[in-house]
Structures are given as structure tokens and as C-alpha cells.
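Student: Predicted structure and sequence below. I'll ask about it afterward.
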Amino acid sequence: MEINQLSEAIIGGAIDVHRELGPGLLESVYEACLRYELQQRGLRVESQKALPVRYKTVIVDLGLRLDLLVESQVIVEIKSIERIERVHEKQLLSYLKVSGCHLGLLLNFNVPVLRRGISRIVHQLPEGESKSVPSAFSAGSA
């Protein structure tokens, strides 16, 4: 599946979860429900995936975890907070750099309409892939 199609599928699943549950629950609830929703759509999803960091000649594994890794391509970080801060976007960008993934979605479920809680973060997208966000979704990028 092309990375933008994958992004659209993830965002569509997140919107379905948000429509069903609304804002105000714990991040772990949204994570579990989104994982289920994406698996029902036939996507391979890893939850709480360990992310070791390579520093020079050593591997540092201090418990960094990705909320969701979809199809080994897209990192999904889930929040349920008042608002997304720049530090959250920078954290996801760092996860992209360390993991070798090119696309991350930062989803804040604590909003009235999920479209307002979506940030799409791109890091060195491969040739032939578009950085554009589907027009149906409002998103930021770093």
C-alpha cells in the first residue's frame, strides 16, 4: 500500500474511533481501539513497539516505545491532551529519524472534531511519494 493511502486509512480509522468514543478518555483506550480498528481493516499493527537508539557503536534501549507502528511504515503517536505542543511534534520527528520510518501521525483525541487534532510529520519521504496531505484532512507538518 502506498504511504499516502496508508495514512488516509489510519486517519479514517482514527476518525471512526473518535466518532464512536468522543474526547476525554485515556490515551491507552484510544490506542487499543485504533489498533483494533486498523486490524479490522486488514492492516498489520504493532502496539508499544520498542525503539532502541543506536549511538555510535552501542545500542541504547531505555524503554522508548512507539504507540503504534502500522505496516512497518507509519508511526502513530496518540495523545489525549489539551493541545499539541511543538515538543510533541519534535518527539515524533526524532522517532522517525531513529526508526528509519518516513511518516508519522500525531493524533490528539481530546478535541471536539478529530480533524483538528491531526499532525502529519514527514521525514525524508522516498522519491515518488508525495508530501501533500489529502484535502479532506486538516494537518500540520514539521
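Tutor: Nice, I can see it.
Student: longest single helix anywhere in this structure?
Tutor: helix 3-21 (DSSP state H).
Student: mind listing what Val17 touches?
Tutor: Residues counted as contacts of Val17 (Cβ atoms under 8 Å, 6 or more residues apart in numbering) are Tyr30, Cys33, Leu34, Glu37, Phe109. Using the backbone N, CA and C atoms, a C-beta is placed for each residue, glycine as well.
Student: Let me know the next secondary structure element after the longest helix of the chain.
Tutor: helix 27-40 (DSSP states H and E).
Student: Does anything pack onto that following helix? Which helices or strands?
Tutor: helix 3-21, strand 45-50, strand 65-70, strand 74-79 (3 or more Cβ pairs under 8 Å, 6 or more residues apart in numbering; DSSP states H and E).
Student: what's the most buried one of those?
Tutor: Neighbour counts (mean count of other Cβ atoms under 10 Å) averaged over each of the helices and strands packed on helix 27-40 peak at strand 74-79, with a mean of 23.
Student: How about the residue sitting nearest the centre point of the chain, nearest residue that isn't a chain neighbour?
Tutor: Computing the C-alpha centroid of the chain and ranking residues by Cα atoms, centre = their mean puts Val76 first, at 1.8 Å. In space, and not counting its chain neighbours, Val76 is closest to Leu68: 4.0 Å by Cβ to Cβ, 6 or more residues apart in numbering.
Student: again, but for Pro23
Tutor: Nearest one to Pro23, counting by Cβ to Cβ, 6+ apart, is Asn110 at 4.7 Å.
Student: neighbours of Thr57, just the number please.
Tutor: By other Cβ atoms under 10 Å, the residues close to Thr57 number 5.
Student: And for the residue nearest to Pro23, the neighbour number?
Tutor: So Asn110, with other Cβ under 10 Å, has 19 neighbours.
Student: Contact partners for it?
Tutor: In this structure, Asn110 makes contact with Pro23, Gly24, Lys79, Ser80, Ile81, Glu82, Gly117, judged by Cβ under 8 Å, 6+ apart.
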